[in-house]
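Q: What would the 3D arrangement of this be:
(2 chains)
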Amino acid sequence: DSGVTQTPKHLITATGQRVTLRCSPRSGDLSVYWYQQSLDQGLQFLIQYYNGEERAKGNILERFSAQQFPDLHSELNLSSLELGDSALYFCASSLSGRTGELFFGEGSRLTVL
Amino acid sequence: GDSVTQMEGPVTLSEEAFLTINCTYTATGYPSLFWYVQYPGEGLQLLLKATKADDKGSNKGFEATYRKETTSFHLEKGSVQVSDSAVYFCALKTGANNLFFGTGTRLTVIP
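A: Numbering: from 1, shown residues only, chains lettered A, B, ... in the order given. So this is what the prediction gives:
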């Protein structure tokens, strides 16, 4: 158990819809990352937050947005969903975001029909 | 830009065989290098790391040596077990940049 909690574990929705994925980081960790894992594109970095502030942005689509709240949990919002958004979305956390040692949740599997 | 190139999978080995998964990197600075492992149905876990040239990371019988001259960080294990079946990811981090992952190599160990 990494200490990182993601909900929901599975989500099935239709094209055009909007979903929110939630992540609670490991106790004491200030930095939260979101990654997308799909079969054809491997593990893609989406975005990183540190103590409520956006620190880095990767290949995140404009239809996607995220935030980190004062209690340090984070949400990833995916809107106008397309079939290609079907993937496993991982949240990871680390103490400072500087060392590369990340603790991953079990992921949220999104299926868009 | 920074990148990691990993050996294509899948890799299938018999129990007790020797394992090598190749990883090479391109980086503008002096990266830290990592191997993460993803067991079926789980998130990634850090397996080992090395932060400077000639460092050797090791854990659970796995080893990898940071070779600056060949820009490599190959993962090795002398005798694999069925429980080692997983996807292995090589990754690098340079300075304040984020962690860049390779595409992953699926290992299946058969009894």
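Q: mind checking how far the one residue in chain B that gets nearest to chain A is from B:K93?
A: Closest to chain A within chain B is B:G43: 3.3 Å, counting by CB to the nearest CB. In this view, the C-beta of every residue, glycine as well, is placed from N, C-alpha and C. Going from B:G43 to B:K93 by CB to CB, to the nearest Å gives 18 Å.
Q: Same check on A:L11?
A: 30 Å.
Q: Of those two, which one has the most company?
A: Comparing A:L11 with B:K93 by other CB atoms under 10 Å in any protein chain shown, the one with more neighbours is B:K93, at 23 against 17.
Q: is the more buried one in a bridge, and if so with what?
A: B:S32 (DSSP bridges).
Q: I'd guessed it sits against A:G97; true?
A: No: contact between B:K93 and A:G97 fails when scored by CB atoms under 8 Å: they sit 10.1 Å apart.
Q: can you give me the strands for chain A?
A: A:5-7, A:10-13, A:19-24, A:31-38, A:42-50, A:53-57, A:64-68, A:74-78, A:87-94, A:103-104, A:108-112 (DSSP state E).
Q: give me the low-pLDDT residue ranges for chain B?
A: B:96-97 (pLDDT under 70).
Q: So which bits of it are right by chain A?
A: Contacts of chain B with chain A, taken as CB under 8 Å from any CB of the partner chain, map to B:32, B:34, B:41-46, B:49, B:89, B:91-93, B:96-104.
Q: Among the residues you listed, which lie within strands?
A: Reading strands off the residues of chain B next to chain A with DSSP E, I get B:S32, B:F34, B:L44, B:Q45, B:L46, B:K49, B:F89, B:A91, B:L92, B:K93, B:F100, B:F101.
Q: Kindly tell me how buried the fourth one is, as a neighbour count.
A: In this case it means B:Q45. 16.
Q: Return the set of residues that bridge with it.
A: Beta-bridge partners, per DSSP bridges, of B:Q45: B:V37.
Q: got the contact list for A:T5?
A: A:C23, A:S24, A:G105 (CB atoms under 8 Å, 6 or more residues apart in numbering or on different chains).
Q: Quick check: it vs B:V37, distance?
A: Taking CB to CB, one finds A:T5 at 20 Å from B:V37.
Q: Now B:I21: closest residue in space that isn't a chain neighbour?
A: In space, and not counting its chain neighbours, B:I21 is closest to B:L75: 4.4 Å by CB to CB, 6 or more residues apart in numbering or on different chains.
Q: Run through the neighbouring helices and strands of the helix or strand where B:E76 lies.
A: Assigned by DSSP states H and E, B:E76 falls within strand B:75-77. On a contact count with 3 or more CB pairs under 8 Å, 6 or more residues apart in numbering or on different chains; DSSP states H and E, strand B:75-77 meets strand B:19-21, strand B:62-65.
Q: quick one, what contacts the closest residue to chain B within chain A?
A: Chain B sits closest to A:F104 of chain A, with a gap of 3.3 Å, by CB to the nearest CB. Contact partners of A:F104, counting by CB under 8 Å, 6+ apart, are A:S2, A:V4, A:F90, A:C91, A:A92, B:G43, B:L44, B:Q45.
Q: nearest spatial neighbour of it, skipping sequence neighbours?
A: According to CB to CB, 6+ apart, the nearest residue to A:F104 is B:G43 (3.3 Å).
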